[in-house]
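J.: Take this sequence and fold it.
(chains A and B)
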Amino acid sequence: DVKVTQSSRYLVKRTGEKVFLECVQDMDHENMFWYRQDPGLGLRLIYFSYDVKMKEKGDIPEGYSVSREKKERFSLILESASTNQTSMYLCASSPGQGNSPLHFGNGTRLTVT
Amino acid sequence: AQKVTQAQTEISVVEKEDVTLDCVYETRDTTYYLFWYKQPPSGELVFLIRRNSFDEQNEISGRYSWNFQKSTSSFNFTITASQVVDSAVYFCALSGWIQGAQKLVFGQGTRLTINP
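T.: So this is what the prediction gives:
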């Protein structure tokens, strides 16, 4: 089974802090994604990556950056956390072939105070 | 533009009732895929089904069934004889080419509560 592991289940950070959310997958998937989930808005794509050192903006990239130095790891970075970034963050991966189902991690619930 | 609408924000039924979750999508692509995911309280989204745009056959898997109708751009999900373990948030999603890349667009989700 594919395993997507997010390093933290819950995080509490202060406004202005730099925050790192880590995601690791163990199935050699080419594609990795970061979504945020908010009530009434569903899942919105922040960034995605189709290869090592490659990144593409999703629908809501403002205030975020990403890093993919190794194939199995995709990090989401909040350069200066703000209260409106309080949310559930979900990482996902999929094989390189198009339209494959995404495999999700358990999510990180981030609270910015 | 790609869009998925799940008009039902919350549904609550009594155990053993049948329940249908609606999903309506918009796309200009002729080839696309539709998905349903389940998110139980644990938080991890679980893949349920994928359907391509050329296959309009309905699918049944145990108590779950899916009705895909291109004419109405809908991909509805029915749970027959619901059980408490079916309580979750369900997401419908559409795969398509956006900004030159293939991405998944999700609906807002429907929170389903099955009461004993």
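J.: so residue A:79 touches residue A:66, yeah?
T.: No: if you go by C-beta atoms under 8 Å, residue A:79 and residue A:66 don't touch, sitting 11.3 Å apart. Just so you know, the C-beta spots here come from the backbone N, C-alpha and C atoms, and that holds for glycine as well.
J.: so what's residue B:75 up against?
T.: By C-beta atoms under 8 Å, 6 or more residues apart in numbering or on different chains, the contact set of residue B:75 is B:23, B:25, B:34, B:36, B:51, B:66, B:67, B:68, B:69, B:92.
J.: Check those residues and tell me the two furthest apart.
T.: For these, the farthest-apart pair by C-beta to C-beta is B:36 and B:69; their separation is 14.9 Å.
J.: neighbour count winner among those two?
T.: residue B:36 (22 against 11; other C-beta atoms under 10 Å in any protein chain shown).
J.: which of the residues in stretch B:69-84 are buried?
T.: Of all the residues in stretch B:69-84, those buried under the rule 16 or more other C-beta atoms under 10 Å in any protein chain shown are B:73, B:74, B:75, B:76, B:77, B:78, B:79, B:82.
J.: helices or strands up against the helix or strand of chain B with the lowest mean pLDDT?
T.: Least confident helix or strand of chain B, by mean pLDDT, DSSP states H and E, is strand B:101-106 with a mean of 81. In terms of contacts (3 or more C-beta pairs under 8 Å, 6 or more residues apart in numbering or on different chains; DSSP states H and E), strand B:101-106 is packed against strand A:42-49, strand B:3-5, strand B:88-98.
J.: Spell out which strands sit alongside the helix or strand harbouring residue B:11 in the sheet and which way each one runs.
T.: Residue B:11 belongs to strand B:10-14 when assigned by DSSP states H and E. Strand pairing for strand B:10-14, determined by DSSP bridges: strand B:110-115 (parallel).
J.: Please identify the buried residues of the strand it pairs with?
T.: Buried residues in strand B:110-115 (16+ other C-beta under 10 Å): B:110, B:112, B:114.
J.: got the residues of chain B near chain A?
T.: Contacts of chain B with chain A, taken as C-beta under 8 Å from any C-beta of the partner chain, map to B:4, B:6, B:9, B:33, B:35, B:37, B:42-47, B:50, B:52, B:91, B:95, B:99, B:101-109.
J.: Drop anything exposed from those.
T.: B:4, B:6, B:33, B:35, B:37, B:43-45, B:47, B:50, B:91, B:95, B:102-109.
J.: Return the residues in contact with the closest residue to residue A:50 other than its chain neighbours.
T.: Among residues not flanking residue A:50 along the chain, residue A:31 sits closest, at 5.5 Å (C-beta to C-beta, 6 or more residues apart in numbering or on different chains). Neighbouring residues of residue A:31 by C-beta under 8 Å, 6+ apart: A:48, A:49, A:50, A:93, A:94, A:95, A:96, A:100.
J.: between these, which is closest to residue A:8?
T.: residue A:93 (17.7 Å).
J.: And for residue 53, the neighbour number?
T.: Went with chain A since none was named. Other residues lying near residue A:53 total 10 when counted by other C-beta under 10 Å.
J.: wrong chain, I was asking about chain B
T.: 17.
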